[in-house]
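# Structure, please.
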Amino acid sequence: MKQVIVSAAALAGCLFIFYVWTSLSDLPKLGKVEGASLQEVSGSDFSLEGKPMLVAFFYTKCPDICPFTMQDLKKLQQALAEKGISENQYGILSVTLDPAFDTAPVILQYKEAFGITSPNWLFLRGSEQETENYARQFNMVYEKSEEGVITHSTSMYIVDAGGQIRAVHEMASGTERVDIEKTTEHLIQLIK
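This is a model prediction of the structure:
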C-alpha cells in the first residue's frame, strides 16, 4: 500500500511538473488585433486567416532600422525554410508608417530593391488614419516630423492565427540585429 501511495505521489508530481512546463512554454496572449482596412500594394487579394504572422512597421525613407530589419527578415525566411516550414504556413506583414510618401509604386520599388518576392510577405498601406488605427492595436508609437522623418518604436509583433499578439521582438537597431533564432522558434510554436 505504501508503494502505491509513493507511486501515486510521484505520478502526481510528474504531472504537475509537466503542466507547469507546458504552461510556461506557451506564448502569452498580449492583446487582440482586429482586421485592418489596409491595402496590399501589389493589388493582390490576400488572406492570412488561419496563419500566424509577423507584423513589422516601416517606412521607405528610414535610413537604418527598417532596411536592416528587411535584410534580417529575409534571413528569418531562410531559417524557417531550413526547419521545414513552408511559406504558405505563415505570413510577414510590412506596414508603412508613411502612406503619404510610400505610395504603392514606391513600396513596390523598395520591395524589389530588397529582392523580396515571397507571396507570403505582404506590404500594406492605408490612409494616415487607417495606419494610426492599426498601429494603435499594437501599442506601436511613432511620430512624423515636419521634415518627413519618422521616429518609431522598434518592436515587431508575432500574431497567432486567431489575431492574438503572442510575442514582441526587436527590429534591427544599431549593431543589434533581429533575434532570428527566437523569432523562428516563436513562429514555429504557433504553426505546430
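# Could you use CA atoms for every contact and neighbour count after this?
OK.
# so which strand or helix has Thr183?
Under the criterion of DSSP states H and E, Thr183 resides in helix 180-191.
# Show residues contacting that helix.
Residues outside helix 180-191 that contact it (C-alpha atoms under 8 Å, 6 or more residues apart in numbering) are 27, 51-54, 72-73, 75-76, 79-80, 85, 89-90, 158, 160-161, 167, 169.
# let's see it at 6 Å
The contact list for helix 180-191 (C-alpha atoms under 6 Å, 6 or more residues apart in numbering) reads Leu76.
# Can you list the buried residues in that helix?
Buried positions in helix 180-191, judged by neighbour count with 16 or more other C-alpha atoms under 10 Å: Ile180, Thr183, Thr184, His186, Leu187, Ile188, Leu190, Ile191.
# So Phe57, which state does it fall into?
The assignment at Phe57 comes out as strand when based on DSSP: H, G, I helix; E, B strand; the rest coil.
# how close does the spatially most central residue of the chain sit to Asp179?
For the chain, the residue nearest the mean C-alpha position is Leu54 (1.8 Å; C-alpha atoms, centre = their mean). Noted for Leu54: a distance of 13 Å to Asp179, by C-alpha to C-alpha, to the nearest Å.
# And Ser155, by the same measure?
Counting by C-alpha to C-alpha - Ser155 and Asp179 are separated by 12 Å.
# Which one's more surrounded, the two?
Ser155 (18 against 15; other C-alpha atoms under 10 Å).
# pLDDT weak spots in the protein?
Along the chain, segments meeting pLDDT under 70 span 1-25, 31, 36, 44-48.
# which residues in it form strands?
If DSSP state E is used as the criterion, the strands of the chain fall at 31-32, 39-40, 53-58, 91-96, 121-125, 142-144, 150-152, 155-159, 164-170.
# do you know which of the ones you listed lies nearest Phe114?
strand 121-125 (12.0 Å; C-alpha to C-alpha).
# So which elements touch that closest one?
Applying 3 or more C-alpha pairs under 6 Å, 6 or more residues apart in numbering; DSSP states H and E, one finds that strand 121-125 contacts strand 39-40, strand 91-96.
# Turn those strands into CSV, including distance to Gly115.
What follows is those, written out as CSV (distance: least, C-alpha to C-alpha, whole Å):
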stretch, distance to Gly115
strand 39-40, 17
strand 91-96, 14
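# which one of these has the most crowded surroundings?
For the helices and strands packed on strand 121-125, average neighbour numbers computed from mean count of other C-alpha atoms under 10 Å are highest in strand 91-96, which has a mean of 22.
# so what strands line up beside that one?
strand 53-58 (parallel), strand 121-125 (parallel) (DSSP bridges).
# Let's have the ones you listed in CSV, adding distance to Gly43.
Shown next, in CSV, are those (distance: least, C-alpha to C-alpha, whole Å):
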stretch, distance to Gly43
strand 53-58, 19
strand 121-125, 10
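# closest to Gly115 out of these?
Gly115 lies closest to strand 121-125 among the strands paired with strand 91-96, at 11.4 Å (C-alpha to C-alpha).
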